[in-house]
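> Could you work out the structure for the sequence below:
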Amino acid sequence: MRISAALPAHNEEANIEQAVSELQHVLAEVCTDSDYEVIVVDDGSTDRTAEIVLKMAEADPRVKLVQHEVNQGYGQTVKDGLMAGTLDYVFFTDSDLQFDVWEIERLVTYLDRADVVCGYRLDRQDPWNRRFIAWGWNALVRVMFYVPVRDIDCAFKIFKREALENLEIQSAGALINTELMIKLSRSGYGVAEVGVNHFPRVGGEQSGAKVSVILTAFRELFRWRRMLKRIDMAERHHSRRRAMMRRFERQH
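Predicted coordinates:
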């Protein structure tokens, strides 16, 4: 098994060295012949995040840095990390140390029967306002779309790389996980879920509950719903035309 692990990061100098180091240890155990790569996507950090990663990359060429000169948003950062992966499987998690990366071992056991394996947080350890926003977001997404997972934004997922290769991702913000899962499930890829532990953030700052982030997510959500409706209408029209042509051919 060969795994590319992507870590989106923004001002994570308090966490990034430990996050990369833990992934190195886990992947050395999980991957065949220690064939792995850890890709940190630094989203315009103004602290020492990139500097720390570059020093780690000097010691281990399997550590790589993708750097945004300016902040481009969480969705673009996750997308760039996933698309930078070159190995058979692509895993991603956040750099804030809120997951036990050793639980990758639990996810990979499902890859013989699924194309995507998603973690869901057994006991989410975030402030109450962040949990409330997440609950409302999950409920809204379920009303607006079919999503095949219970914890859509859980940042602990592994994909077969072939499932990502032809996927066109447009979201630059918090909608990234929703878009990923809807498009993958609509394309017929199998999805499995595994409960994972979640821990409080101990360093750095969370940005997901900022008003600007939330408003951007809602704008993306409704824009993407309109686009998806247009695609569905076009597909239904195309299906009707094909059915009419088949009837015409049978009659003649």
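> Low-confidence bits of the stretch 1-150 of the chain, can you list those?
125-126, 128, 133-134, 136, 138-139, 143 (pLDDT under 70).
> one more time with 90
1, 32-34, 73-75, 123-150 (pLDDT under 90).
> Please enumerate the helices of it.
Counting by DSSP state H, counting those that start in this stretch, one finds helices in the stretch 1-150 of the chain at the ranges 16-30, 49-59, 74-84, 104-108, 128-144.
> now do the stretch 151-252 of the chain
161-165, 176-186, 211-251.
> Check the model's average confidence along the last one for me.
Pointing back at helix 211-251 there. For helix 211-251, the mean per-residue pLDDT is 53.
> do the shortest one as well
Looking at helix 161-165 alone, the average pLDDT works out to 91.
> Show me which residues of it are buried.
Within helix 161-165, the residues that count as buried by 16 or more other C-beta atoms under 10 Å are Arg161, Ala163, Leu164. No exception for glycine: its C-beta is placed from N, CA and C like everyone else's.
> between the residues you listed, which is nearest Arg219?
Leu164 (24.9 Å; C-beta to C-beta).
> can you redo the buried residues of helix 161-165 as CSV with distance to Glu69?
Shown next, in CSV, are the buried residues of helix 161-165 (distance: C-beta to C-beta, whole Å):
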residue, distance to Glu69
Arg161, 27
Ala163, 30
Leu164, 25
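> And those residues, which is closest to Glu58?
Arg161 (26.7 Å).
> The closest one contacts Ala84, doesn't it?
No. Applying C-beta atoms under 8 Å as the test, Arg161 and Ala84 come out as separate, 11.0 Å apart.
> so what sits against both of these two?
Residues touching both Arg161 and Ala84 (C-beta atoms under 8 Å, 6 or more residues apart in numbering) are Ser4.
> number of nearby residues for the residue nearest to Arg106 when sequence neighbours are not counted?
Distances taken as C-beta to C-beta, 6 or more residues apart in numbering place Val194 nearest to Arg106, at 5.3 Å, with adjacent residues excluded. Residues near Val194, counting by other C-beta atoms under 10 Å, number 20.
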